[in-house]
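> Would you be able to build a 3D model of this:
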Amino acid sequence: MTVQPIDKQRVGRVVLALLDGDEDKAAAVVDEALNDDRLLEYSDALLGALLGFMRLTYGLDATRQWANDWILKAHMDDQGSG
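Modelled structure (predicted):
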């Protein structure tokens, strides 16, 4: 699985569509990735964009703390539902 420029382009197109309030357009872009059998690569590109944004905005330590907190919250939510 290798992220290609098309995967990064799709992430950008989804972000722009959502900023414009066009959920149908965003869904259509995700459908393109699904139809091209590149949903995993699109997801990888999306995760890379999120991680890059968080590291630039909050720094490495705060991003690491957020990830640990998110894992803990998910664990607590899972324990609460069982």
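
> Which residue is the nearest non-sequential neighbour of Arg55?
What sits nearest to Arg55 in space, not counting adjacent residues and going by CB to CB, 6 or more residues apart in numbering, is Thr63, at 5.3 Å. (C-beta placed from N, C-alpha, C; glycine too.)

> Tell me who's in contact with the one you found.
Counting by CB atoms under 8 Å, 6 or more residues apart in numbering, Thr63 touches 51, 54-55.

> neighbour-wise, which of those residues leads?
Within the contacts of Thr63, neighbour counts (other CB atoms under 10 Å) peak at Met54, which reaches 16 neighbours.

> Can you say which helix or strand has the residue lying closest to it once chain neighbours are set aside in it?
What sits nearest to Met54 in space, not counting adjacent residues and going by CB to CB, 6+ apart, is Thr63, at 4.4 Å. Element membership of Thr63, judged by DSSP states H and E, is helix 60-81.

> quick one: buried residues of that helix?
Neighbour-count burial for helix 60-81 flags Thr63 (criterion: 16 or more other CB atoms under 10 Å).

> Send me that helix as CSV with only the CA atoms.
The C-alpha trace of helix 60-81 is given here as CSV (Å, rounded to 0.1, in the frame of the first residue of the first chain):
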residue,chain,number,x,y,z
LEU,A,60,5.1,16.2,19.0
ASP,A,61,4.6,15.9,22.8
ALA,A,62,1.0,17.2,22.8
THR,A,63,0.1,15.1,19.8
ARG,A,64,1.5,12.0,21.5
GLN,A,65,-0.5,12.9,24.7
TRP,A,66,-3.6,13.3,22.6
ALA,A,67,-3.2,9.9,21.1
ASN,A,68,-2.7,8.3,24.5
ASP,A,69,-5.8,10.1,25.9
TRP,A,70,-7.8,9.0,22.9
ILE,A,71,-6.8,5.4,23.5
LEU,A,72,-7.7,5.7,27.2
LYS,A,73,-11.0,7.2,26.4
ALA,A,74,-11.8,4.5,23.9
HIS,A,75,-10.9,1.9,26.5
MET,A,76,-13.1,3.5,29.1
ASP,A,77,-16.0,3.8,26.6
ASP,A,78,-15.6,0.1,25.8
GLN,A,79,-15.6,-0.8,29.4
GLY,A,80,-18.8,1.3,30.0
SER,A,81,-20.7,-0.4,27.2
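
> If anything else comes up later, I'll come back, but that's it for now.
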